[in-house]
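>>> sequence and computational prediction follow.
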Amino acid sequence: MSNKMIIAVAVALVVVVAAVGVYFVMGNDKKDPNEITFLIEDDKGVYFWITGTGETGEDALIDAANKSDVDLMYTSQSWGMYLSGINGLEGDFASSTSWGLFVYEDNEWVSSKVGISTLVSSEYDYAGWFFGTTDENYDMLLPEVIPDVKEANAWDKNSGGVIFTIESPSGMYFRVSGNGETVYDAMVNANSKYDMKFVGSESATGKGIEGLFDYVKFQIGDVWNWWSTYTLNDTQDDWVNSAKKIGNMKASEVPQVCFIYTDGTLTPVAPIYTA
């Protein structure tokens with residue numbers, strides 16, 4: 001092989017290596033430098049993800065909420081946004097409960113040193129809003145169980161399929177969707193995407209729901225707690241309790257389902273999803 005050919009091959013290898021190197025660097029970056037994925041988790045260990053873009057954390061959060069049908073309760077102060085509630089769950093001054101802002105840096109969650117309005121979106125891939133009790137210094141502990149960021153998957157309003165509204169024992173709710181022949185199949189599909197720790201049940205009467213987020217049917221004294229199933233009424237404008245198991249429902253006939261953890265005295269607080 002001549003010197004010219006050797007040089008040509010060497011140059012070609014450098015170009016290929018450089019191209020591969022650029023690919024991997026770009027592959028690890030966000031699609032948009034101002035994109036943030038937010039983990040929302042209440043004090044009952046129920047969580048969901050939303051993703052939005054904006055130069056500040058506030059802009060990205062509002063964008064994420066709009067994309068995932070999330071109701072943010074906040075006020076604008078001289079120093080920035082004060083977030084008091086998310087999807088029906090609000091902080092309470094008397095009990096020292098509130099939503100606390102955390103960021104994911106160096107592979108761990110830490111309390112944010114700045115407010116959401118001052119947060120620079122391009123500096124973080126993930127941020128978290130965790131609901132809990134603060135101490136006398138207004139510091140909040142991390143939840144005991146936090147999902148891996150590698151499993152982050154945010155629902156958007158264009159996902160299609162059966163729309164599930166999950167209402168936590170805390171009163172916080174969120175939405176996901178899944179596809180399948182039956183509503184049970186759609187829930188299994190949704191769980192594979194959104195990691196809700198779904199546990200199904202099966203009996204002679206069909207397939208149903210046993211648990212979500214480690215909350216399963218159990219008895220305390222004479223009181224039972226379980227995930228109750230609600231579907232839309234005939235006019236599609238209100239939730240009604242369903243006696244049918246989700247394995248016996250055709251997904252094509254059931255556009256929305258609400259699961260609420262109750263002792264029989266609670267009905268869904270979550271509104272029906274409207275496109």
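Received, thanks. Numbering: from 1, shown residues only.

>>> give me the distance between the residue lying closest to residue 162 once chain neighbours are set aside and residue 250.
In space, and not counting its chain neighbours, residue 162 is closest to residue 186: 4.1 Å by C-beta to C-beta, 6 or more residues apart in numbering. (C-beta placed from N, C-alpha, C; glycine too.) Residue 186 is 10 Å from residue 250, where distance means C-beta to C-beta, to the nearest Å.

>>> same check on residue 117?
Counting by C-beta to C-beta - residue 117 and residue 250 are separated by 46 Å.

>>> so these two - more neighbours on which side?
residue 117 (16 against 10; other C-beta atoms under 10 Å).

>>> just the pLDDT at the closest residue to the more buried one other than its chain neighbours, thanks.
Residue nearest to residue 117 in three dimensions, not counting chain neighbours: residue 80, with 2.8 Å by C-beta to C-beta, 6+ apart. pLDDT recorded at residue 80 is 91.

>>> doesn't residue 61 make contact with residue 80?
No. Under the criterion of C-beta atoms under 8 Å, residue 80 is not in contact with residue 61, lying 11.4 Å apart.

>>> which stretches of the chain form helices?
For the chain, the helices defined by DSSP state H occupy 3-28, 57-67, 183-194.

>>> who's in contact with residue 138?
Listed by C-beta atoms under 8 Å, 6 or more residues apart in numbering, residue 138 has no contact partners.

>>> check it and give its pLDDT.
pLDDT, residue 138: 72.

>>> same question, residue 228
pLDDT recorded at residue 228 is 96.

>>> wait, what's in contact with it?
Residue 228 is in contact with 241, 259, 260, 261, 262, 264, counting by C-beta under 8 Å, 6+ apart.

>>> buried ones only from the residues you listed, please, as a PyMOL command.
In PyMOL syntax, the buried subset of these is picked out as below (16 or more other C-beta atoms under 10 Å):
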select buried, resi 259+260+261+262
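
>>> which non-adjacent residue is nearest residue 58?
Nearest residue to residue 58, sequence neighbours excluded (C-beta to C-beta, 6+ apart): residue 117, at 4.4 Å.

>>> tell me the pLDDT at the one you found?
Value for residue 117, per-residue pLDDT: 97.

>>> isn't it right up against residue 60?
No. Residue 117 is not in contact with residue 60 according to C-beta under 8 Å; the separation is 10.9 Å.

>>> and the residue nearest in space to the middle of the chain, how far from residue 30?
With the centre of the chain defined as its mean C-alpha position, the nearest residue by C-alpha atoms, centre = their mean is residue 48, 1.6 Å away. Going from residue 48 to residue 30 by C-beta to C-beta gives 20 Å.

>>> can you check residue 201 too?
Distance check for residue 201 against residue 30: by C-beta to C-beta, it reads 40 Å.

>>> what are the bridge partners for the closest residue in space to residue 39 that isn't next to it in sequence, then?
Of all residues not flanking residue 39 in the chain, residue 128 sits nearest, at 4.2 Å (C-beta to C-beta, 6+ apart). Per DSSP bridges, residues listed as beta-bridge partners of residue 128: residue 39, residue 102.

>>> residue 128 and residue 38 touch, don't they?
Yes. Look at residue 128 against residue 38 with C-beta under 8 Å: they come within range, at 6.7 Å.

>>> about what we covered before: which residues does the residue nearest to residue 117 form beta bridges with?
According to DSSP bridges, beta-bridge pairing links residue 80 with residue 77.

>>> tally up the residues packed near it, please.
For residue 80, the neighbour count with other C-beta under 10 Å is 17.

>>> which ones are touching it?
Residues near residue 80 by C-beta under 8 Å, 6+ apart: 58, 115, 116, 117, 118.

>>> closest one of these to residue 211?
Closest to residue 211 out of the contacts of residue 80 is residue 116 (33.0 Å), distances taken as C-beta to C-beta.
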